[in-house]
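> Have a look; sequence and predicted model below, questions after that.
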Amino acid sequence: MTQSELLSLVKKRNPNEPEFIQAVDEVLLSIMPVLERHAEFRDLKLIERMTEPERLISFRVTWLDDKGHVQINRGYRVQMNSAIGPYKGGLRFHPTVTASVLKFLAFEQVFKNALTGIPMGGGKGGSDFDPKGKSNNEVMKFCQAFMGELARHIDNRTDVPAGDIGVGGREIGYLFGAYKKIKNEFSGVLTGKGIGWGGSLIRTEATGYGLVYFAENMMQTKNDSLKGKTCLVSGSGNVAQYAIEKIIHLGGKVLTASDSSGFIYDKEGITLEKLAYLKDLKDNRRGRIKEYADQYKCQFTAVHADDAFNPLWSIPADCAFPCATQNEVNAKDAANLIKNKIKLLGEGANMPTSPDAINLLIDNGVMYSPGKASNAGGVATSGLEMTQNYMGQNWTREEVDAKLVEIMKNIHDTALAAAKEYGKPGNYMVGANIAGFLKVAKAMQAQGVI
Ligand code: NDP
């Protein structure tokens, strides 16, 4: 089948699932040269199989709010592909969660996990539950009800969920407590756990740190570095916070941060002290980012999801790191970045850049890294947490950080090498898709038609 025939098939089988189709389309575009070289992959219908979740569980989550009212949400777990290891991927709690969003995330996760070099399959899950505005008690009640069903489908050798948007340390704690009570076992069934009850040092920091390590590797291919570079970061959650921290460590200057209400533009640069304020604001007080602008007397700009472009990406800078959510950089944003001579765009979020924006960036010589490569440090460190849990060990901060640095370098070099081998030197998107696909495809081929 040709690329367009394969895509038509996926569209037909998954109507009304635009995010999933977008993710499949991007991978298909990259891997067609591999399918041309490997007729056996086509005969085995590997693409048709990879685009069909091994299992998709959808369930009702019923819980009582603080007023004693019955609340109903929808929960999911997409177990996408277990060819190279147990299903692994985060849980997202956000009102925009649908089967399409989770299928796109699970599909991406399969290739990302393959790139880490750690034996992990791909999955993703979550709920349309919105933790915003809920009391701690309500979040706990919801997590307990959610795990009441999910516990039947996961364990530490089958499927190991982690956090994602709306699921941080607090939620992982409540989910883990509920699982332990239901199963009467203490195991590494979730990653992102707290230090002292199975968590790994550096897991919290890993996605943001890994993103910046990856970007530093990209800069080094041009004999350059992040030192002294001005950077735009979107988001103010887990990934954004630790991307900002590591950019500061490496001598870069971060001008922006955002949340779903808008962004701050701090011309003086976010310092470690200001970052501590931002972490407290978002993680403990669960406030809005405008408070940062009020505190440090800088500019706040409101942004709405349906605006034609996001003025955050019009601010002149050397590097851009979208770390909030999918499709947050569109073609107009990319044109603005290019106009301001951006050197590099590193994805911290999953699929934050729309396909036409990616093409514009690459065609204009901007170094671009897809999230499945540059944000893989989070899941890689989750893999390290799983290993520590299996072994009953706790590694030091330095040990885990050193492994993270090495993993990000390997992912970078693997993606670059695959891109070169397939005639697209310097194209990290093509390289990451091909390298991830080949690893999973060979495992599926070896394991027969299942
Ligand atoms: P968090 O929930 O910690 O933070 C998300 C941030 O993005 C918040 O600032 C949030 O604003 C903002 N945001 C969320 N949805 C929207 C939206 N629709 N429009 C604008 N802003 C939005 O999530 P993470 O930092 O964990 O995740 C961010 C991205 O990184 C996601 O794409 C996730 O899939 C990806 N990722 C995360 C990993 C991890 O280890 N956590 C690993 C790999 C990828 P507000 O506070 O207003 O909600």
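Everything's here; your move. Numbers count the residues shown, from 1 in each chain.

> From here on, just use CA atoms for contacts and neighbour counts.
Noted.

> Up against the ligand, what does the stretch 151-300 of the chain have?
163-166, 207, 235-240, 258-261 (C-alpha under 6 Å from any ligand atom).

> One more pass at 5 Å, please.
Residues of the stretch 151-300 of the chain lying near the ligand by C-alpha under 5 Å from any ligand atom: Asp164, Ile165, Gly166, Gly235, Ser236, Gly237, Asn238, Val239, Asp259, Ser260.

> what's in contact with the top helix by length along the chain?
Ranked by number of residues, the top helix in the chain under DSSP state H is helix 397-421. When contacts are defined by C-alpha atoms under 8 Å, 6 or more residues apart in numbering, helix 397-421 is touched by residues 115-117, 201-202, 206, 210, 213-214, 217-218, 373-374, 376-377, 380-381, 384, 425-435.

> Same question for stretch 373-387.
88-89, 112-113, 115-116, 118, 120, 162, 188, 191-192, 198-200, 202-211, 214-215, 346-350, 400, 404, 407-408, 411-412, 415, 432.

> Restrict it to CA atoms and write it as CSV.
Provided in CSV are the C-alpha atoms of stretch 373-387 (Å, rounded to 0.1, in the frame of the first residue of the first chain):
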residue,chain,number,x,y,z
ALA,A,373,13.1,12.2,20.9
SER,A,374,13.6,15.3,23.0
ASN,A,375,11.1,14.7,25.8
ALA,A,376,12.0,11.0,26.2
GLY,A,377,14.1,11.7,29.3
GLY,A,378,10.9,11.5,31.4
VAL,A,379,9.9,8.0,30.4
ALA,A,380,13.5,6.9,30.3
THR,A,381,13.9,7.8,33.9
SER,A,382,10.6,6.1,34.7
GLY,A,383,12.4,3.0,33.2
LEU,A,384,15.2,3.6,35.6
GLU,A,385,12.7,3.8,38.4
MET,A,386,11.2,0.5,37.4
THR,A,387,14.7,-1.1,37.4
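
> pLDDT averaged over that stretch - what is it?
In this model, stretch 373-387 has a mean pLDDT of 97.

> same deal with stretch 192-212?
Averaged across stretch 192-212, the pLDDT comes to 97.

> How far away from the center of its chain is that stretch?
Remark: stretch 192-212 is offset 14 Å from the chain centroid, using C-alpha atoms, centre = their mean, to the nearest Å.

> Any buried residues in that stretch, and which?
Buried positions in stretch 192-212, judged by neighbour count with 16 or more other C-alpha atoms under 10 Å: 192-194, 198-212.

> list the buried ones in the longest strand seen in the chain?
Among the segments of the chain that qualify as a strand by DSSP state E, the longest is strand 70-81. Residues Asn73, Arg74, Gly75, Tyr76, Arg77, Val78, Gln79, Met80, Asn81 are the ones in strand 70-81 that count as buried (16+ other C-alpha under 10 Å).

> Next, format those residues as JSON lines and append pLDDT.
As requested, the buried residues of strand 70-81 are arranged in JSON lines below (pLDDT from 0 to 100):
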{"residue": "Asn73", "pLDDT": "98"}
{"residue": "Arg74", "pLDDT": "98"}
{"residue": "Gly75", "pLDDT": "98"}
{"residue": "Tyr76", "pLDDT": "98"}
{"residue": "Arg77", "pLDDT": "98"}
{"residue": "Val78", "pLDDT": "98"}
{"residue": "Gln79", "pLDDT": "98"}
{"residue": "Met80", "pLDDT": "98"}
{"residue": "Asn81", "pLDDT": "98"}
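
> quick one, what contacts the nearest residue to Ile172 once chain neighbours are set aside?
Closest residue in space to Ile172, ignoring its immediate chain neighbours: Lys193 at 6.3 Å, by C-alpha to C-alpha, 6 or more residues apart in numbering. The contact partners of Lys193, by C-alpha under 8 Å, 6+ apart, come to Gly169, Ile172, Gly173, Phe176, Gly199, Ser200.

> wait, which of these is closest to the ligand?
Gly169 (9.8 Å; C-alpha to the nearest ligand atom).

> Just to be sure, the residue nearest to Ile172 is in a helix?
No: using DSSP: H, G, I helix; E, B strand; the rest coil, the secondary structure at Lys193 is coil, not a helix.

> Enumerate the residues of the stretch 351-450 of the chain near the ligand.
Gly378.

> shaky segments in the stretch 351-450 of the chain?
Across the stretch 351-450 of the chain, nothing is flagged by pLDDT under 70.

> Next, the closest residue to the ligand within it: secondary structure please.
The stretch 351-450 of the chain approaches the ligand most closely through Gly378 (4.5 Å), counting by C-alpha to the nearest ligand atom. Here Gly378 takes the helix state, with states given by three-state DSSP.

> Can you get me a residue count around it?
29 (other C-alpha atoms under 10 Å).

> Same question for Lys372.
Lys372 has 28 nearby residues by other C-alpha under 10 Å.

> ditto for the one 4 residues further on
Taking other C-alpha under 10 Å as the criterion, the count of residues near Ala376 is 31.
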